[in-house]
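K.L.:
My questions concern the predicted model and sequence given below.
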Amino acid sequence: MNLNNPVGQNSPTGLVRPRGGYMRESYRMERYAQRAVRIRRDKEAEDLASRKIGDFLMRNYLAEGALLAEEFGRVSYHERLQLIANSSELIMSSDGEEGINVVWGSNKQVLTHRLLSPRIRSDFHGAHYLGSWSRSMPKWKHNELRDEIKAKLEARVKDRVELRKQGMLDFSLDTDDMPPLFLQPEG
């Protein structure tokens, strides 16, 4: 046995000299195979997760379409597209990272929460929007709805700013978790 082998080179006996000792070639190949299996499983899990995200996005997209079809179903397809294009408004947050798209109907509004920046999309696993819903309000209350949406978006902006200040650390405890004794109030 030649002990002068540099690390990682084969010896005449079939043994490889790693950093701490000798390892049989078959053992090393088994470890490579296990690593390849682990990498393949991780990739499959990632692909499955992205497919689930795609299903979620498709359901949200179809929900928005169903709400729009319900509100504007009485007109022809081309008129509906033109009506939606003319009566849509995007209300954006002050930082420009998200917004709520409102399609103003006569007595019903269809709202879609959109994520506009890549940074905030990455927080929601690449989603472009969070959901769609509808509100029933007469035309004369549209300004109240605009103000309500702006207030909600600005509250989310403040939350994001606060999270960035704190370095994205979540110090909240789950409802099931009991805080340690030194964190419990005395009394």
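P.N.:
That came through, no problem.
K.L.:
all strands for this structure, in order.
P.N.:
With DSSP state E as the criterion, the chain has strands at 15-16, 23-24, 88-92, 98-104, 108-115, 129-136.
K.L.:
Any buried residues in the third one, and which?
P.N.:
In terms of neighbour count (16 or more other Cβ atoms under 10 Å), strand 88-92 has its buried residues at Ile91. All C-beta spots, glycine's among them, are computed from the backbone N, C-alpha and C.
K.L.:
tell me the mean pLDDT for that strand?
P.N.:
What strand 88-92 shows for mean pLDDT is 90.
K.L.:
One more: the first one?
P.N.:
Model confidence over strand 15-16 averages 55 on the pLDDT scale.
K.L.:
what do you get for the last one?
P.N.:
With pLDDT averaged residue by residue, strand 129-136 scores 84.
K.L.:
what lines up beside it in the sheet?
P.N.:
strand 108-115 (antiparallel) (DSSP bridges).
K.L.:
The partner strand vs strand 98-104, what angle?
P.N.:
Orientation check (axes from the mean of the first three to the mean of the last three Cα atoms, to 10 degrees): strand 108-115 against strand 98-104 gives 160 degrees.
K.L.:
which residues touch strand 108-115?
P.N.:
Residues from elsewhere that reach strand 108-115 (Cβ atoms under 8 Å, 6 or more residues apart in numbering): 64, 67-68, 71, 90, 97-103, 121, 124, 127-137, 142, 145, 149.
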